[in-house]
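Asker: With the input below, show me the fold.
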Amino acid sequence: MDAELKKSLQKFATEIRIGTVESIKSRGFGHIGGALSVCDALSVLYGSQMTVDPKNPKMPERDKLVCSKGHAGPAIYATLALKGFYPYDEIKTLNQPGTNFPSHCDCKKTPGIDITTGSLGQGTSLADGIALADKLKGRDCRTFLIVGDGEINEGQCWEAFMFAAAKKLSNLVVLVDNNKKQLDGYVADVLPTGDLGAKMAAFGFETVTVNGNDVEALYDALENTKKGGDKPYAIVMDTVKGAGVKEIEETMGNHSMAVGADKFDEWLSELNEKLAAMA
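Answerer: Numbers count the residues shown, from 1 in each chain. Predicted coordinates:
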């Protein structure tokens, strides 16, 4: 990766974080921890990997994103706004009456959302179906699936992973957000997932584990998934829940947070300082 692209993706990730915090601030509460942990992945996906067209969001040959951990919606909304799918200020209506930006991703409401998610585990099967359909139709496009480490407690995920390997869906890339926490606490305390890299490999995926908050590591891993073959791909992203905002990272209960506007402003100031330093 050249230095200019790396800087551009780091900047984009910070802008996504700012949009995520601004949208949640407008509501006063939301799933901020798990949204912030995937911002670097979204930056690399939409900044260097995915073929999408804001003017034609339903283009059949586009690459598709399935965010199975649908409560990361605020980060997706911020990303799509920055890409020009809709005016940026619209994301500040997050989860409010009449909004097109509900708490969980909804493809019938939000341009650029490829599939409705939020019922944990079900996005994995949906991603399989999309990838298989594109493969059968001979389309040169890929499906990217973001799934949470706590979400992988769901048995449906493993059924879907078996199916992906059986059907040789090399156009499917699974990104596991291994941020170590879920709603009730640490994943290791609720229901340990073990070595996710080894498990994904055992289920028939070409697998790599990377620092999921490092755009260069993510870029290299995603570039490797372009080579095709007869296996689906898995990138286990070692992330920090709340990544990018120090106080959120260090808060135990950061799955969903409700704080005052002044606290949101502090976090936005921290992020804007980081962005200014990248200029």
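Asker: Now stretch 225-237: buried residues?
Answerer: By neighbour count on 16 or more other C-beta atoms under 10 Å, the buried set for stretch 225-237 is Thr225, Lys231, Pro232, Tyr233, Ala234, Ile235, Val236, Met237. For the C-beta atoms, the positions are set from N, CA and C on the backbone; glycine is no exception.
Asker: Give me the nearest residue to the second one, chain neighbours excluded.
Answerer: With C-beta to C-beta, 6 or more residues apart in numbering as the measure, Glu206 is the residue that lies nearest to Lys231, at 4.6 Å, once sequence neighbours are left out.
Asker: Also the first one?
Answerer: Take Thr225 and drop its neighbours on the chain: the residue closest to it by C-beta to C-beta, 6+ apart is Tyr233, 4.2 Å away.
Asker: What residues sit buried inside stretch 100-111?
Answerer: Asn100, Phe101, Pro102, Ser103, His104, Cys105, Asp106, Thr110.
Asker: Then stretch 147-165?
Answerer: Quick answer for stretch 147-165 (16+ other C-beta under 10 Å): 147-154, 156-157, 160-161, 163-165.
Asker: in the stretch 51-200 of the chain, which spans are strands?
Answerer: According to DSSP state E, counting those that start in this stretch, the stretch 51-200 of the chain carries its strands in the segments 64-67, 143-148, 172-178, 181-182, 185-186.
Asker: immediately after the helix or strand where Thr20 lies, which helix or strand?
Answerer: Element membership of Thr20, judged by DSSP states H and E, is helix 3-27. Counting by DSSP H and E, the element after helix 3-27 in chain order, helix or strand, is strand 29-30.
Asker: quick one: average pLDDT of that following strand?
Answerer: When pLDDT is averaged along strand 29-30, the result is 94.
Asker: Equivalent analysis for stretch 60-68, please.
Answerer: On average, stretch 60-68 scores 97.
Asker: go on, stretch 142-151?
Answerer: Averaged over stretch 142-151, pLDDT sits at 97.
Asker: Serialize the buried residues of stretch 100-111 to TSV and add fields for pLDDT and distance to Asp214.
Answerer: TSV is the format used below for the buried residues of stretch 100-111 (pLDDT from 0 to 100; distance: C-beta to C-beta, whole Å):
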residue	pLDDT	distance to Asp214
Asn100	96	32
Phe101	97	28
Pro102	94	31
Ser103	89	28
His104	92	27
Cys105	94	25
Asp106	95	31
Thr110	97	28
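Asker: For Asn171, give me its contacts.
Answerer: Shown in contact with Asn171 (C-beta atoms under 8 Å, 6 or more residues apart in numbering): Ala131, Asp134, Lys135, Cys141, Arg142, Thr143.
Asker: State the helix or strand in which the residue lying closest to Ala13 once chain neighbours are set aside lies.
Answerer: Once flanking residues are discounted, Ala13 sits nearest to Ser43: 3.8 Å by C-beta to C-beta, 6+ apart. According to DSSP H and E, Ser43 maps onto helix 39-44.
Asker: Tell me which residues are up against that helix.
Answerer: Taking C-beta under 8 Å, 6+ apart as the rule, helix 39-44 contacts 9-10, 12-13, 16-17, 20, 75-76, 79, 146, 175, 177, 212-215, 218-219, 222, 237, 239, 243-244.
Asker: got it, and stretch 208-226?
Answerer: Applying C-beta under 8 Å, 6+ apart, the contact partners of stretch 208-226 are 1, 5-6, 9-10, 13, 37-38, 40-41, 43-45, 48-49, 142, 173, 175, 177-179, 196-197, 206, 233-240, 243-244.
Asker: returning to what we had before: dump the strands of the stretch 51-200 of the chain into a markdown table; add distance to Asn254 as well.
Answerer: Shown next, in a markdown table, are those (distance: least, C-beta to C-beta, whole Å):
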| stretch | distance to Asn254 |
| --- | --- |
| strand 64-67 | 18 |
| strand 143-148 | 14 |
| strand 172-178 | 14 |
| strand 181-182 | 7 |
| strand 185-186 | 11 |
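Asker: Sounds good, over and out.
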